[in-house]
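[1] could you look at this predicted model? Sequence included:
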Amino acid sequence: MRRKERHIANGAIIGFGFVGLIDIILQWVEHKDSGKDFTWESYNGLRTVKRGLVGAVAGGGIGYLVYEYKISEEEKLPFNSDEYLKKVLTSENLKADPALFQNVITYREKMKRWLVDKFGNKLAAPPEDGGSFYKKTAIASNYDLDIVLPFKKDSYVTLEDMYNDVYEKLGKRFENKATITKGTKAINLAFENDGNPVCFDIVPGRERFNYIKDRDLNLFVRPDWVWQKGSSFKTNVFTQKSITVNKPEARRIIKLLKKYRDRNGLPLPTVIVEQCVVEALSENKFGIYASDTENLLNGMNHLAQKLENKRIIDIANSNNNLSDKVSDHYKTHISEQLRNDISKIEANPRYIKEIFEC
C-alpha cells in the first residue's frame with residue numbers, strides 16, 4: 001500500500017471508529033434519558049454501522065488532504081532522485097548489520113559442511129553458493145541463501161529419489177531447529193537467529209554429462225498436486241551464477257526493482273527481474289547511464305515490454321519461457337503499473353518516493 005492509499009485507509013478507519021464510538025455513547029445517553037436499560041437487545045448496531053460509514057468517508061477525505069499537505073510541504077524541499085535511490089540501496093545493504101551478516105555467513109558455511117559430510121560420496125562437486133546472495137543482488141528485507149547440491153549421474157536412479165532423499169535427511173537433522181518445506185525445485189529451510197530469520201534454498205541436481213566441465217544439471221520439478229507426476233528441468237549453473245558478474249550498475253537496479261516488487265506486492269520472480277535488467281542495460285538496448293534513476297526507468301520499461309510480449313527465454317535453458325511463471329492477469333497488471341509509474345516519475349521525479357515508501 002502506497003503512502004496516499006495508506007493515508008486514506010488510516011483516515012477511513014479512524015473516522016469509522018470515532019463516529020461509531022460517538023454513536024454508541026449517544027445511544028447510551030438516549031436510553032438513559034428515556035429511562036431504559038442499554039443492552040445488546042436494545043442497541044441499534046445497524047445505525048452505528050451506517051453512521052460509521054459516513055465517518056469513514058469523511059475520515060478518508062481528511063486522510064487524503066493530510067497526504068496532499070505533506071506532499072506540498074515536501075515539494076518545498078530540494079530533492080535528488082539519485083540521492084534518494086542511494087538511500088534506498090543503503091537501507092537494503094546486507095552488511096548494514098555486520099553482526100547479523102556474519103551470523104548468516106556462519107550458518108551458510110555450517111550448512112555446506114554438513115551437506116558434504118552427509119552426501120560427499122555422491123556429489124559431483126562440493127556444494128556451492130548460488131542465488132541472489134552469491135550474485136550480490138540480495139536485499140536485506142527479503143533474501144535467502146541458495147546452495148546448489150550437484151550429484152553424480154549414477155548417484156540416484158531417479159531425480160525424484162534424489163530430491164526426496166535430500167528432503168528426508170534434512171528433515172531428520174533439522175526438524176526441531178528449522179521449518180522445512182518442499183519447494184518446486186528446492187528444499188526450503190527457515191531457521192531463527194536471535195529473532196532474525198535465516199532461510200536456505202537447497203537445490204539438489206544431478207549432472208547431465210560432466211558437471212565439472214559443463215556445469216549442466218537436471219533438477220527435479222515437484223508437481224503441484226499429489227496425483228501428478230514430477231518432471232525434470234535442465235539448467236546451467238555457471239550461466240545462472242554469472243549473469244551479473246562485472247555488472248555493478250545492473251546489480252543496483254535489480255535490488256531496486258526487487259524492493260519495488262516487494263513494496264507493491266507484485267508476484268514477479270527474481271529470475272525475471274535479473275534477466276530483464278541485465279538485458280535492458282546492455283549495449284543492444286538502453287545501455288548504462290551515470291544516473292540510477294535513468295537506469296531504473298529503463299529497467300522498468302524493458303521489464304514492462306517483456307511482460308507484454310509474454311516471452312522471456314531463460315538464458316540457462318532456451319526451452320524454458322520464464323514468462324510462464326506469471327499468470328496473464330498479473331503480467332498485464334504489472335506491466336500497466338510499471339508504465340504508469342514511469343510516466344509519473346518522468347513528469348515529477350519526486351514521485352519516485354511513492355513507489356518505494358508505504
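    Now that the structure is in, tell me what you want to look at.
[2] isn't Leu217 up against Lys185?
    No. Shown here, Leu217 and Lys185 do not form a contact pair, counting by Cβ atoms under 8 Å, at 10.3 Å. Bear in mind the C-beta positions are built from the backbone N, C-alpha and C, glycine included.
[3] the lowest-mean-pLDDT helix or strand in the chain - which strands sit beside it in the sheet, and in what orientation?
    Sorting the helices and strands of the chain by mean pLDDT, DSSP states H and E puts strand 187-193 at the bottom, at a mean of 88. Using DSSP bridges, strand 187-193 pairs in its sheet with strand 179-182 (antiparallel), strand 196-207 (antiparallel).
[4] CA atoms only: put it into CSV for me.
    Below are the C-alpha coordinates for strand 187-193, written out as CSV (Å, rounded to 0.1, in the frame of the first residue of the first chain):
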residue,chain,number,x,y,z
ILE,A,187,14.0,-27.6,-0.4
ASN,A,188,13.4,-24.6,1.9
LEU,A,189,14.7,-24.3,5.5
ALA,A,190,14.0,-21.4,7.8
PHE,A,191,16.0,-21.0,11.0
GLU,A,192,15.6,-18.3,13.6
ASN,A,193,18.7,-16.5,14.8
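[5] so what touches that strand?
    Identification of contacts with strand 187-193 by Cβ atoms under 8 Å, 6 or more residues apart in numbering yields 100, 103-104, 107, 144, 163, 166-167, 170, 174, 177-182, 197-204.
[6] could you rerun that using 6 Å?
    Residues outside strand 187-193 that contact it (Cβ atoms under 6 Å, 6 or more residues apart in numbering) are 103, 167, 170, 178-181, 197-202.
[7] same check, this time on stretch 293-307
    Residues outside stretch 293-307 that contact it (Cβ under 6 Å, 6+ apart): 81-82, 249, 253, 256-257, 276-277, 280, 286, 289, 312, 331, 334-335, 338-339, 342.
[8] using CSV, list the CA coordinates for it.
    What follows is stretch 293-307, C-alpha atoms only, in CSV (Å, rounded to 0.1, in the frame of the first residue of the first chain):
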residue,chain,number,x,y,z
THR,A,293,17.2,7.0,-11.9
GLU,A,294,17.7,6.6,-15.7
ASN,A,295,18.8,3.0,-15.4
LEU,A,296,15.9,2.2,-13.1
LEU,A,297,13.3,3.7,-15.5
ASN,A,298,14.9,1.9,-18.4
GLY,A,299,14.9,-1.4,-16.5
MET,A,300,11.2,-0.9,-15.6
ASN,A,301,10.4,0.0,-19.3
HIS,A,302,12.1,-3.1,-20.6
LEU,A,303,10.5,-5.3,-18.0
ALA,A,304,7.1,-4.0,-18.9
GLN,A,305,7.7,-4.7,-22.6
LYS,A,306,8.9,-8.2,-22.0
LEU,A,307,5.9,-9.0,-19.8
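[9] done for today, thanks.
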